[in-house]
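*Asks:* sequence below, structure please.
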Amino acid sequence: VQLQASGGGLVQAGDSLRVSCKAYGSTFSAYAMGWFRQAPGKERAFVAAISSSGSSTEYADSVKGRFTISRDNAQNTIYLQMNSLKPEDTAVYYCAAGPLPTFLYGSYYYWGQGTEVTVSS
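*Replies:* Alright, predicted model coming up:
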């Protein structure tokens, strides 16, 4: 599976942004998907995950109530809708595919290249 993230950009605090991740190759609908982010000088951190069917989601506490993960299996794409963005959300956002919708970084088999989100104050 190849993953391609897109949709990042420069926004102001309080704005909304949606990033996408399109999968190419194998059976997309068989994989749980996750979003992680890495801020400058920090380790990669879990953001959100969604089950293969889309019926189950998980979120990091820092984004609960502001971010929504979703997927469209017909389009082989997942989305991360980010509302009420804060400067601390600034990071490179990575999508990943694996067997379970988990916060565990090592559980994912495939990773996209990342898309950069910058939130100015």
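
*Asks:* helix, strand, or coil at Ser55?
*Replies:* Following DSSP: H, G, I helix; E, B strand; the rest coil, the label given to Ser55 is coil.

*Asks:* helix or strand for Ala96, which one?
*Replies:* strand 91-98 (DSSP states H and E).

*Asks:* ok, and what's touching that strand?
*Replies:* 1, 3, 5, 8, 19, 21, 23, 28, 31-40, 42, 44-45, 47, 78, 80, 107-117 (C-beta atoms under 8 Å, 6 or more residues apart in numbering). Glycine gets a C-beta too; all of them are placed from N, C-alpha and C.

*Asks:* stretch 6-21 too?
*Replies:* Residues outside stretch 6-21 that contact it (C-beta under 8 Å, 6+ apart) are 3-5, 22, 33, 35, 77-87, 92-93, 95, 112, 115-121.

*Asks:* for that stretch, which positions count as buried?
*Replies:* Gly8, Val11, Leu17, Val19, Ser20, Cys21 (16 or more other C-beta atoms under 10 Å).

*Asks:* and the gap between the second one and Val117?
*Replies:* Yep, that's Val11 we're talking about. 7 Å (C-beta to C-beta, to the nearest Å).

*Asks:* please apply the same query to the third one.
*Replies:* Separation of Leu17 from Val117 (C-beta to C-beta) stands at 6 Å.

*Asks:* give the intersection of the neighbour lists for those two.
*Replies:* In contact with both Leu17 and Val117: Gly8, Gly9, Val11, Met82, Leu85, using C-beta under 8 Å, 6+ apart.
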